[in-house]
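1. generate coordinates for the sequence data below:
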Amino acid sequence: MTGSAGGTFWPYRDAQYSLGKDNGLMSFPTKAYYAALQGGAAGVAYGALQMAYYPDKLAFGHKGTVTSGPSRGFQYVMSTTIRPAVTFSAVALTYAAAESFLEEVKGSHHKDPWNSAFAGAAAGMVLGGFLTRRFDVASMTALGTGLVMGMVDFNGPSAVCDPVTEKARHFPAKVATKFEETEELKQLKEKYPEFKYN
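-> Residues are numbered from 1 along each chain as shown. Sure thing, here's the model as predicted:
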């Protein structure tokens with residue numbers, strides 16, 4: 001599927017909006033805005049959980065030694081929450097930028113698993129580079145993140161590969177209080193009258 005007017009985004013989105021199919025179609029500035037917000041919120045949450053996990057001022061060494069840790073002032077709070085927020089925002093922005101770039105290059109503005117896979121690889125490279133500053137770890141992080149994001153986008157928002165079978169396995173949402181015969185059962189009872197009252 002290609003966008004109209006030479007692959008540009010806005011004419012394609014307007015055409016999809018007139019059909020009621022514009023859900024999830026966003027321009028790059030909108031994607032970048034939401035990616036930065038989501039990454040920052042996730043980073044602040046991670047930093048808060050890290051502070052809660054290490055509440056005391058003691059630092060435990062590898063050989064069982066206990067030393068005095070950093071002071072728990074405002075500077076510590078800022079460094080503990082700002083660094084993960086910047087890291088997560090950079091990863092989310094990289095993913096959004098790479099996905100939008102690939103959409104523009106290919107001229108397609110629908111969800112494509114290949115776009116997600118390559119964007120996930122770029123985001124994984126940034127994440128691995130931020131955390132370890134080692135190319136071998138960053139490349140493996142890129143490979144793993146790209147595979148996961150490609151599979152998630154390929155499978156869609158549901159984790160179930162066969163939604164028809166999954167729906168058939170569920171209990172019905174509404175159960176009739178009075179038994180009602182189906183048309184097939186009525187036809188069978190007419191065909192076999194000896195089983196009419198079973």
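
2. going forward, measure contacts and count neighbours with C-alpha atoms only.
-> Will do.

3. which positions in the lengthiest helix in the chain come out as buried?
-> Criterion DSSP state H: the longest helix present in the chain is helix 74-106. Taking 16 or more other Cα atoms under 10 Å as the neighbour-count basis, helix 74-106 is seen to contain the buried residues 80-82, 84-100, 102-103.

4. can you show me the CA trace of the next helix-or-strand element following that helix as CSV?
-> Stepping forward along the backbone from helix 74-106, the first helix or strand reached (DSSP states H and E) is helix 113-132. Listed in CSV are the C-alpha atoms of helix 113-132, where the atom choice follows Å, rounded to 0.1, in the frame of the first residue of the first chain:
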residue,chain,number,x,y,z
PRO,A,113,6.8,-5.4,10.4
TRP,A,114,10.0,-4.7,8.5
ASN,A,115,9.9,-1.0,9.5
SER,A,116,9.4,-2.0,13.1
ALA,A,117,12.2,-4.6,13.0
PHE,A,118,14.8,-2.1,11.6
ALA,A,119,13.5,0.7,13.9
GLY,A,120,13.8,-1.7,16.8
ALA,A,121,17.3,-2.6,15.8
ALA,A,122,18.3,1.1,15.8
ALA,A,123,16.6,1.6,19.2
GLY,A,124,18.4,-1.4,20.6
MET,A,125,21.7,-0.1,19.3
VAL,A,126,21.1,3.2,21.1
LEU,A,127,20.0,1.3,24.3
GLY,A,128,23.0,-1.0,24.3
GLY,A,129,25.4,1.9,23.6
PHE,A,130,24.0,4.0,26.3
LEU,A,131,24.1,1.3,29.0
THR,A,132,27.4,-0.5,28.2
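
5. what lies in contact with helix 113-132?
-> The contact list for helix 113-132, computed with Cα atoms under 8 Å, 6 or more residues apart in numbering, reads 87-88, 90-92, 94-99, 102-103, 134-135, 137-139, 141-154.

6. tell me the secondary structure at residue 175.
-> Classification of residue 175 into helix, strand or coil gives coil, according to DSSP: H, G, I helix; E, B strand; the rest coil.
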